[in-house]
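> Sharing a sequence plus its predicted fold:
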Amino acid sequence: MLLVTAGSRGDVEPFVALARTAQRAGHTVRVAAPDNSGVAADGVDLVSLGVDYSHLIQAQGVSVRAAIANYRRAVKPAMRRVIVEPARIARDFRPDVVVAHPKVLSAPLIAAALDIPHVLVEMVPAVTPTRAFAAAGTVTADLGPLNRLTYRAASGAAALFRRDLREAAGLLGTRVPRRPAPPAATLLPISPALLPRPVDWPPSVHLTGPWHDAAPASARLPAEIAAFAEAGPFAYAGFGSMAAGDPRERARAVVDAARRAGHRLLVATGLGGLAVADDLRGEDLLVVDTVPHDLVLPRAVAAIHHGGIGTVQAALRAGTVSIVVPFIADQPFWGALLHRRALGPAAIPARRLTADRLADALAAAPRYAAAVAEVAARMPHDRGTDAALEVIAGS
């Protein structure tokens, strides 16, 4: 199996988890992924796509405006590697199936050239049309019958990268087809306890449950975090790679809100999402670069985060109420979904984040705890990577 993904940590971690499950089942697996994702891939055959999304994020941030401004210099070269390198890797590896992230626009081309199936991994619901909701990353309002129209943007992406697709085709000794073949199957690594399956999805689309490696029983928190957690209740705040706006002012609002709500606070600064000034430091505050979600979130009274699907599901799995501060892409979708299903307070858009709004959300969080606990009790029944592997093996 060739698994190909693109993006930051949240896009790489599920593929590594799937690779480990496939290896345990006796499959030979290679994962092609960006560099420096921060994902531990011990024991996995991991090869580089030659692109570093962490560096891109630190250099230009995550705003749409920055992406447009840096399209020729940074975005287009990165996409070229994401399109061309998988073709090179597949040509040499000769897999029996290619399982790919939606950004890997060359995956259907690779499958056709090698006469193998292609399985699409729809990380968030933005590719397969449905009347149930608008595509993640478009609007959060319910447009009714017009919801299906919001999925057209994803289908037009290939037109922007025709030259790169032709280069990938050349490596494989073929041509770019006028109409790429549809995937043999589509997998969404999302729990049905969070997102009920739309009735109008075709049978080839599978809501498998999240793909994650559970922390081993022997895993322990770093000593500094463990000591802080054992000292009493705390809230968690982390915005991952959301390097946008002013991370110092954002951190000040978060710390002030936690103190107004009477919470101790564990902050993960990530790749620029938060930057805590020295004058905010105190015994009620611990600042670290990153945390293991599986070990930290079950201890937190609330989790303040950007609303990426990986963190949303980790918090639900832990039984912890999320307070979502969305920045871009699918994050508003998950914030709105959690609130609509009474699993968390209304999301606070990053541009509207204030200490007052966040303190109010923290005060409201306990009202959602019972509903979150009910969802958490259902999530262990998700078979995630096992369910995905069954589909892939049968494709």
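Okay, I see it.
> drop to CA atoms for contacts and neighbour counts, all remaining ones
Noted.
> residue ranges with poor pLDDT in this protein?
Low-confidence segments of the chain, defined by pLDDT under 70, are located at 57-73, 154.
> all strands for it, in order.
Using DSSP state E, the strands of the chain run over residues 2-4, 30-33, 46-48, 98-100, 118-121, 185-188, 205-207, 234-238, 264-268, 285-288, 303-305, 322-324.
> What helices and strands are in contact with the last one?
Contacts defined by 3 or more Cα pairs under 8 Å, 6 or more residues apart in numbering; DSSP states H and E place strand 322-324 against strand 303-305, helix 309-318.
> Any idea which of these gets closest to residue 285?
Comparing the helices and strands packed on strand 322-324 by their distance to residue 285 (Cα to Cα), the top pick is strand 303-305, with 14.4 Å.
> The closest one - contacts with which helices or strands?
Strand 303-305 makes packing contacts with strand 234-238, strand 322-324 when contacts are defined by 3+ Cα pairs under 8 Å, 6+ apart.
> Which elements pack onto the longest one?
Contact here means 3+ Cα pairs under 8 Å, 6+ apart; on that basis strand 234-238 packs against strand 264-268, strand 303-305.
> can you state the direction angle for it and strand 264-268?
Here the directions of strand 234-238 and strand 264-268 differ by 20 degrees (axes from the mean of the first three to the mean of the last three Cα atoms, to 10 degrees).
> In its sheet, which strands sit next to strand 234-238, and in what direction?
Taking DSSP bridges as the criterion, strand 234-238 pairs within the sheet with strand 264-268 (parallel), strand 303-305 (parallel).
> Same check on the last one?
The strands that strand 322-324 pairs with in its sheet are strand 303-305 (parallel) (by DSSP bridges).
> residues in contact with the strand it pairs with?
The contact list for strand 303-305 (Cα atoms under 8 Å, 6 or more residues apart in numbering) reads 235-240, 297, 311, 315, 320-326.
> which one of the strands of the chain is the most hemmed in?
For the strands of the chain, average neighbour numbers computed from mean count of other Cα atoms under 10 Å are highest in strand 322-324, which has a mean of 32.
> In JSON lines, list the strands paired with strand 234-238 along with distance to residue 174.
Listed next are these as JSON lines, based on distance: least, Cα to Cα, whole Å:
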{"stretch": "strand 264-268", "distance to residue 174": "47"}
{"stretch": "strand 303-305", "distance to residue 174": "45"}
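> Nearest to residue 144, out of those?
Shortest separation from residue 144 across those is recorded for strand 303-305, at 29.1 Å, computed as Cα to Cα.
> Can you give me the domain assignment for this protein?
The chain is divided into the following domains under automatic domain parsing: 2-183, 223-380.
> now the end-to-end length of the first one.
Pointing back at domain 2-183 there. The stretch domain 2-183 measures 15 Å between its terminal residues, going by Cα to Cα, to the nearest Å.
> Just give me how far that domain sits from the chain centre.
Centre-to-centre, domain 2-183 and its host chain are 13 Å apart (Cα atoms, centre = their mean, to the nearest Å).
> Next: the shortest one.
Centroid displacement of domain 223-380 relative to its chain, using Cα atoms, centre = their mean, is 16 Å.
> wait, residue 310 sits on residue 10?
Yes: under the criterion of Cα atoms under 8 Å, residue 310 makes contact with residue 10 at 5.9 Å.
> Could you save the helices and strands packed on strand 303-305 as JSON lines and add columns showing distance to residue 254?
Formatted as JSON lines, the entries for the helices and strands packed on strand 303-305 read as follows, by distance: least, Cα to Cα, whole Å:
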{"stretch": "strand 234-238", "distance to residue 254": "8"}
{"stretch": "strand 322-324", "distance to residue 254": "11"}
